[in-house]
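In: Here's my sequence, what's the structure:
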Amino acid sequence: MSPLRRLLLAALLLIPSAPVAAATPTPAECSGGPGPFRCLYRSLLPSSGIIADCHSDRDCRVGYYYGRPEQATWFTPPAGLSTLPKPEVLWHTATFAETRLPCGRACTWSYFFEAKRRLLSAPRRDVLDVDHRRLLMAQIDGRALALRQIFSARDISRIERDWTPGLTVGEAITAIHFDPDGRLSLTWLKGPERAAVSERVTVPTSVRQ
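Out: Sure thing, here's the model as predicted:
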């Protein structure tokens with residue numbers, strides 16, 4: 001390779017990739033109320049989506065349907081819960097949904113549903129962002145940020161930093177997204193001085209041993 005081509009390649013590698021546009025919550029199509037009500041969150045795949053059958057905003061059955069909403073497959077609530085709150089649903093692609101449920105301060109549960117293959121994940125706690133291309137998630141795990149496969153929850157890598165004391169990892173991370181090139185961009189608060197640090201992290205393709 002010529003010196004000029006080496007310089008051009010090096011310059012290209014320094015150009016940051018444009019961030020992926022964040023998925024926005026899907027508006028719910030609700031019927032019923034002020035008592036029991038039902039909400040549908042439709043995918044672009046015909047006759048498929050997420051459904052919530054609720055007695056109130058804090059007392060719902062949530063699941064997915066493929067065909068008729070009356071024949072839904074209901075999510076199993078996480079341990080310690082018998083019902084679920086009304087969800088927020090994000091369709092990251094036309095057929096790949098994240099159903100997000102609040103569970104208190106700085107706490108969420110996420111269920112992932114792939115409509116074409118009818119794949120449903122177990123509930124995943126405190127997911128900050130997802131890479132729908134490689135089916136990976138960035139998930140808080142104690143004082144670390146774990147990068148894991150969505151459906152198997154197998155570790156890809158772990159990110160540990162000098163997060164600001166007194167903040168959870170989720171509070172210390174002020175911005176995060178997977179880039180189109182597969183890397184992870186994040187901005188976080190460092191140490192007692194709360195200095196903002198921005199970095200891009202390479203995400204391995206193989207499972208962590």
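
In: What sits closest to residue 178 if chain neighbours are left out?
Out: residue 131 (4.0 Å; CB to CB, 6 or more residues apart in numbering). C-beta coordinates here come from the backbone N, C-alpha and C atoms, glycine included.

In: isn't that neighbour right up against residue 185?
Out: No. Counting by CB atoms under 8 Å, residue 131 stays clear of residue 185, with 11.7 Å between them.

In: more neighbours, these two?
Out: residue 131 (22 against 18; other CB atoms under 10 Å).

In: Roughly how far does that one sit from residue 148?
Out: From residue 131 over to residue 148 the distance is 11 Å, taken as CB to CB, to the nearest Å.

In: Same question for residue 56.
Out: Taking CB to CB, one finds residue 56 at 33 Å from residue 148.

In: one step back: next, show the common contact partners of residue 131 and residue 185.
Out: In terms of CB atoms under 8 Å, 6 or more residues apart in numbering, residue 131 and residue 185 are both contacted by the residues residue 178.

In: Tell me where the model's unsure across this structure.
Out: Where the chain drops to pLDDT under 70, the residues are 1-22, 208-209.

In: That one - how does it break down into domains?
Out: Under the assignment automatic domain parsing, the domains of the chain span 22-125, 128-204.

In: hmm, who's touching the helix or strand harbouring residue 200?
Out: Residue 200 is part of strand 195-201 when elements are defined by DSSP states H and E. Residues outside strand 195-201 that contact it (CB under 8 Å, 6+ apart) are 16, 159, 161, 174-175, 179, 183-190.
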